[in-house]
Each structure stands twice: as C-alpha cells, then as structure tokens.
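[1] Kindly return the folded structure for what I paste below:
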Amino acid sequence: MAGAHSSLILAKLNTPHIAALYAKGDGVKNFIIGCFVGILFCSIAFYFVLKQEQENKFKLGQTHGFVHGQSKTIELLSPYLPAVSSAEEVQVLFSVKTTDIVLYKESGKQTIGIRE
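    You can find the predicted model right below:
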C-alpha cells in the first residue's frame, strides 16, 4: 500500500532522477552512507575543537589561580612589610592590580616592602 502511494507521488512530481533512485533502491543506502560519513567528519572536527578549547580553559584557570595566589600572598604579607613611598627607586618583584611587593635599598641593605 505504501509503495503504491509513493509511486503516485513520484508520478505527480514527474522527476525521472528521483524515480530512478527510488527504483534502484540505492537512494536510501547512499543517504545512510552520506549521513554516516557526515557524522564521522563532524565528530573528528569536534574532537579537535574540543581539545583546543580544553587547553584554552586550562590556561585561563592556571592564570587565574596564579593571580589569586599572588593576591593572597600580598594580603597575608601586608601587615608584616613596611610601606614604601612611591618616590623611592624600587624593583618590583610582583604586583596585583595597584599593590606591589618591591625590593628597595634602605641603609645600604636590600629590603622587601609593599607599595600601594
């Protein structure tokens, strides 16, 4: 019954290439193979894009963790380090936003201080 209905539709469309594919039976097979190949290529491309994005997210997290560690270090050391004026010549060891841990000379000795 379904075959008779399909042939009526094909007759109304009057397209010989569709009728030829339908008559051979290769159309469904070619469609399934095409879908399989398309899914395979998309999966391969998605795998490489996923690996690249994982690497980018790892680097972002690592950078964020590094900055967070520096910020926490400054927060913990700030009560114990002397404040350094901005007029003094210093060597910045590391900084987070507007706070720097600096190395400066005081009485001929190198000293670690904080400059905000």
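[2] From now on I want contacts and neighbour counts done on CA atoms only, so please keep to that.
    Will do.
[3] Mind naming the longest helix for this protein?
    When the chain is scanned for its longest helix (criterion: DSSP state H), the result is helix 26-77.
[4] Which elements pack onto whichever helix or strand comes after it?
    Remark: after helix 26-77, the chain's next helix or strand is strand 90-96, criterion DSSP states H and E. Based on contacts counted as 3 or more C-alpha pairs under 8 Å, 6 or more residues apart in numbering; DSSP states H and E, the elements that strand 90-96 packs against are helix 26-77, strand 99-106.
[5] now strand 90-96 against strand 99-106, angle please.
    Direction vectors for strand 90-96 and strand 99-106, defined by axes from the mean of the first three to the mean of the last three C-alpha atoms, to 10 degrees, enclose an angle of 160 degrees.
[6] pLDDT weak spots in this protein?
    Confidence mapping of the chain against pLDDT under 70 gives the ranges 1-26.
[7] got the domain boundaries for it?
    In the assignment given by automatic domain parsing, the structural domains of the chain cover 1-77, 81-116.
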